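**Q** Let's see this in three dimensions:
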Amino acid sequence: MGKLVFTLLLSVSLYGCAFNSQTVELAPQVDVAKADFGKGNEIFVSIVDERPSQSLGRRGTGYGPAGEITAATNLTEVIKTQVTDGLTVKGFKVTDNADSERKLIVEVRQLEYSTSTGFWTGGVHIQGAMKGVAKRGTKSYEKMYRHDKEERIVIVPTAETNSVWINNALSGILSEIFQDDKLFEFLGSESLANAN
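**A** Next up is the predicted model:
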């Protein structure tokens, strides 16, 4: 009987916490395979946040959305650091010169946490999308990179759990970018005539 009461009290406590806002420290982990696509060529990097809102979403309850989730760190700065580090591993030299022949623009289209309700369990849905726009001279290469994951839950997730899930989503999209060899072959090619 004591265990049942404890479980009910814990559930009510966590349910009530769902109305509290949360902040997430964005710290993606991206494993980039070393390569020499860049051959030391300079490249300019730009990150553009095109999301309609700076909010990452809202925690959920059986009655719908609750406390807002926001980032404690600047999303574009976090992504720029990861992209800059990754390009260096790929053999490029990142420059602040916006007139550089080679450019990589990452457009952040979505990074969103949402919830749904079910009969026995709820759902946490985390979606992300970024568009990579690579330019070399007058030529360009574009591709959309996405992450879409759903977690089934019985109780409202803690701030730590939500942080892990959101960072996993961000890491997944960035990993997709750095696994796209066609992108880096395009950026590293010396011949403008061979660009698509």
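**Q** From here on, just use CA atoms for contacts and neighbour counts.
**A** Will do.
**Q** do you know how far the residue nearest to residue 22 when sequence neighbours are not counted is from residue 112?
**A** In this structure, residue 22 finds its nearest non-sequential neighbour in residue 69, 4.8 Å apart by Cα to Cα, 6 or more residues apart in numbering. Going from residue 69 to residue 112 by Cα to Cα, to the nearest Å gives 9 Å.
**Q** Spell out for me which residue occupies the centre of this protein.
**A** Residue closest to the average C-alpha location in the chain (Cα atoms, centre = their mean): residue 170, at 2.3 Å.
**Q** so what's it closest to, chain neighbours aside?
**A** Closest to residue 170 by Cα to Cα, 6+ apart is residue 28, at 6.0 Å.
**Q** what's the pLDDT at the one you found?
**A** For residue 28, the pLDDT comes out at 96.
**Q** pLDDT averaged over the one helix or strand the residue nearest to residue 22 maps to, what's the number?
**A** Here residue 69 sits within strand 64-71, counting by DSSP states H and E. The pLDDT scores in strand 64-71 average 75.
**Q** Distance from the chain centre to the helix or strand that comes right after it, please.
**A** Next in sequence after strand 64-71, counting helices and strands by DSSP H and E, comes helix 75-89. Centroid separation between helix 75-89 and its chain, computed with Cα atoms, centre = their mean, to the nearest Å, is 12 Å.
**Q** Residue 126 touches residue 150, doesn't it?
**A** Yes: contact criterion Cα atoms under 8 Å: residue 126 and residue 150 qualify, at 6.3 Å.
**Q** In terms of neighbours, single out the busier of those two.
**A** residue 126 (24 against 15; other Cα atoms under 10 Å).
**Q** list the contacts for the more buried one?
**A** Applying Cα atoms under 8 Å, 6 or more residues apart in numbering, we find residue 126 in contact with 111, 112, 113, 114, 147, 148, 149, 150, 165, 166, 169.
**Q** residues touching the third one, list them.
**A** The reference is to residue 113. So residue 113 contacts 56, 57, 58, 59, 124, 125, 126, 127, 166 (Cα under 8 Å, 6+ apart).
**Q** secondary structure element for it?
**A** Counting by DSSP H and E, residue 113 is found in strand 102-117.
**Q** got the angle for that strand vs helix 75-89?
**A** 130 degrees (axes from the mean of the first three to the mean of the last three Cα atoms, to 10 degrees).
**Q** Give me the residues contacting stretch 81-94.
**A** Outside stretch 81-94, the residues that touch it by Cα under 8 Å, 6+ apart are 30, 32-45, 174, 178, 184.
**Q** so how many other residues sit close to the residue nearest to residue 36 when sequence neighbours are not counted?
**A** Of all residues not flanking residue 36 in the chain, residue 91 sits nearest, at 4.4 Å (Cα to Cα, 6+ apart). The local packing of residue 91 (other Cα under 10 Å) involves 19 other residues.
**Q** How about the secondary structure of residue 91?
**A** Of the three states, residue 91 takes coil under DSSP: H, G, I helix; E, B strand; the rest coil.
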